[in-house]
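Q: Return a 3D structure for these sequence lines:
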Amino acid sequence: MKLKFTLETTDKNSKARTGTIQTAHGEIKTPIFMPVGTLGTVKAVHTHELVHQIKAQIILGNTYHLYLRPTTDILQKAGGLHKFNGWEKPILTDSGGFQVYSLGTMRKITEEGVKFKSHLDGSSHFFTPENVMDTQRLIGADIIMAFDECPPAMSDYQYAKKSMEMTHRWLMRCVNRFDSTEPLYDYEQTLFPIVQGAVYKDLRQQSAEFVANLDREGCAIGGLAVGEPTEVMYEMVDFVCPFLPENKPRYLMGVGTPANILENIALGVDMFDCVMPTRNARHGILFTSEGIINIKNKKWETDFSVIDKNINNQVSDFYSKSYLRHLIHNKEMLGAMIASVHNLSFYLWLVGQAREQIIAGTFKSWKDKMVEVVSRRL
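A: Predicted coordinates for the structure are as follows:
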C-alpha cells in the first residue's frame, strides 16, 4: 500500500493538528516523535522496549552510516533493514546528506553529487541523487528522504540561494530515479522532498512552493535547528507551513528539545526526530514531566522517588533517581539503558499528550504551561 495521510483534527487556537499516517508496516498517529536509530538500532534500547515501554510507532535509520556499515550488500541479503533489525513497524531513512556535509574538509560538493571520505577509514565514496535513491531502496525504509544540501547555519543569501537551487535540481533527479525504479521488497516506499532556503523567507517560499507542486505523499522542512536562534527557527516554520499541502504530513528534521517540539506542533508540524533524548540520557540528563534533571548532581543521591510517576511504564515509575544516579555515576551500562528508555518514553508521552489536547480543544493553553514546565531545571 502507498502511504496515506488522514487529517483528523485542527486546533482552533493554533495551527496544531492530529492525523493518521498509514504505511505498509502500520499506522502512525500524529503528531509523532521518531526515535533515531542511526545504525539500525536506537542506542541502548531493545526492540521490545521500543514497542512495549516507549510505544514508538516509527524509527529512523541513517543512509550514510548504514551504507558504510553494515553496508547495503548485507542489508539486501538480509531482506532489508526491517528484517535485519527485527523492527516490524515503519522506518524512515534520511538521505545521509547532513552527515556528508558535516564532514567538512573530508567532502567536496559538485553539481553531480558529493565526494567524501569515510570517517571510519578514510576511504573515498561518491553520493549522487540517483545512487542515494538506490541505496535507500536497498535499505528498504517506508519513507525515504530526497538528497539535499543542508547549508551552514546563517549562510549568506547568495550561498543559500545557490544551495537551494541545486537542492531543487537534485530533487528532480531523486524523483526521476525513484519513479523509474521499483521497491526491492514486498511493500511500497514513499519519497519525501525537503524544503531548504536557510533563514530567508523568499527562498523558503520558493522552496516550499517547488516542493508542494511535486505533490508527493509528504514534505519535510530541513536546514533548521543547525545553529540559528530558536526564535528564527520558529519564524521559518511558521512562515513555511502555510505553503505546504494541508493534506500531507509535515516533517521537521532534527528537532529538538521538548519545548521545541511543542512550539512547532502549534505551528502545524506533524513529525519530529532528534538524537537529543538518547544522547542526553547517556550523559545523565533526564527529561521529565516536571522538568529537566541532571541525575549526576549530588542532590539526587538519596532521592528514592521514582524517575517520573506520570509516564506510566516499567522504567520511569519503577527505578529510583538515587539508583539511576548510582548507575550513571559509576558508568554502568544499565544506567544508559534506563535513562534512554525513560527519555524516549517521555518524548512519546509528550506528543501523545499533545494529540489528546488537540482533540479535546485545549491544546493552546496546555502547551503554554507545558513549555514552561519541560524547560525548567530541577
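
Q: For Lys367, give me the backbone phi and psi.
A: The phi/psi pair for Lys367 (degrees, to the nearest 10) reads phi -60, psi -50.

Q: Now do the same contact list for it.
A: Contacts for Lys367 were tallied using C-beta atoms under 8 Å, 6 or more residues apart in numbering; they are 14, 16, 262-263, 265-266, 354, 357. For the C-beta atoms, the positions are set from N, CA and C on the backbone; glycine is no exception.

Q: and if you look at Asp215?
A: If you count contacts by C-beta under 8 Å, 6+ apart, then Asp215 has Pro245 around it.

Q: For Ser14, see how far away the residue found closest to Lys117 once you drop the neighbours it is linked to in the chain is.
A: With C-beta to C-beta, 6 or more residues apart in numbering as the criterion, Lys117 has its nearest non-adjacent residue at 4.4 Å, and that residue is Met106. Distance, Met106 to Ser14, using C-beta to C-beta, to the nearest Å: 42 Å.

Q: So those two - more neighbours on which side?
A: Ser14 (17 against 14; other C-beta atoms under 10 Å).

Q: who's in contact with that one?
A: By C-beta under 8 Å, 6+ apart, the residues touching Ser14 are 266-267, 363-364, 367.

Q: closest to Ser95 among the residues you listed?
A: Nearest to Ser95 out of those is Leu267 (C-beta to C-beta; 24.1 Å).

Q: Quick check: pLDDT value at that closest one.
A: Confidence per residue is given as pLDDT, and for Leu267 that number is 98.

Q: give the contact list for it.
A: By C-beta under 8 Å, 6+ apart, the contact list for Leu267 reads 14-15, 234, 237-238, 241.

Q: My understanding was that the residue nearest to Lys117 contacts Leu120; is that so?
A: No. Here Met106 does not reach Leu120: they are 11.2 Å apart, not a contact under C-beta atoms under 8 Å.

Q: Tally up the residues packed near the closest residue to Val341 other than its chain neighbours, please.
A: Distance criterion C-beta to C-beta, 6+ apart; nearest residue to Val341, sequence neighbours excluded, is Val315 at 4.6 Å. By the criterion of other C-beta under 10 Å, Val315 has 22 neighbours.

Q: And Thr135, by the same measure?
A: Neighbours of Thr135 (other C-beta under 10 Å): 21.

Q: What of Gln189?
A: 25.

Q: same thing with the one 5 residues further on?
A: The local packing of Ile194 (other C-beta under 10 Å) involves 26 other residues.

Q: do Gln158 as well
A: Gln158: 8 surrounding residues under other C-beta under 10 Å.

Q: roughly how far apart are it and Ile194?
A: Going from Gln158 to Ile194 by C-beta to C-beta gives 20 Å.

Q: Likewise for Pro277?
A: Distance, Pro277 to Ile194, using C-beta to C-beta: 23 Å.

Q: what's the answer for Leu378, then?
A: In terms of C-beta to C-beta, Leu378 sits 37 Å off from Ile194.

Q: Does the strand or helix carrying Ala220 pack against any helices or strands, and if so which?
A: Ala220 belongs to strand 219-221 when assigned by DSSP states H and E. Other elements packing on strand 219-221 under the criterion 3 or more C-beta pairs under 8 Å, 6 or more residues apart in numbering; DSSP states H and E are strand 194-195, helix 201-213, helix 230-240, strand 250-252.

Q: Following the chain onward from the last one, which element is next?
A: If you walk from strand 250-252 toward the C-terminus, the next helix or strand you reach (DSSP H and E) is helix 258-266.

Q: And that next one, how far out from the chain middle?
A: Helix 258-266 sits 13 Å away from the centroid of its parent chain (C-alpha atoms, centre = their mean, to the nearest Å).

Q: Kindly calculate the angle that that helix makes with helix 230-240.
A: Using axes from the mean of the first three to the mean of the last three C-alpha atoms, to 10 degrees, the inter-axis angle of helix 258-266 relative to helix 230-240 is 20 degrees.

Q: averaged over its residues, what pLDDT does the very next helix or strand once past helix 258-266 have?
A: Once the chain leaves helix 258-266, the next helix or strand it forms, by DSSP H and E, is strand 271-273. Averaging pLDDT along strand 271-273 gives 98.

Q: Can I get the helix or strand just after strand 271-273 in PDB, CA atoms only?
A: Per DSSP H and E, the first helix or strand lying C-terminal to strand 271-273 is helix 276-282. Output in PDB follows, covering the C-alpha atoms of helix 276-282 (Å, rounded to 0.1, in the frame of the first residue of the first chain):
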ATOM      1  CA  MET A 276      18.700  14.500  22.000                       C
ATOM      2  CA  PRO A 277      16.700  12.100  24.200                       C
ATOM      3  CA  THR A 278      19.200   9.200  23.800                       C
ATOM      4  CA  ARG A 279      22.400  11.300  23.600                       C
ATOM      5  CA  ASN A 280      21.500  13.300  26.700                       C
ATOM      6  CA  ALA A 281      20.400  10.200  28.500                       C
ATOM      7  CA  ARG A 282      23.900   8.700  28.200                       C
END
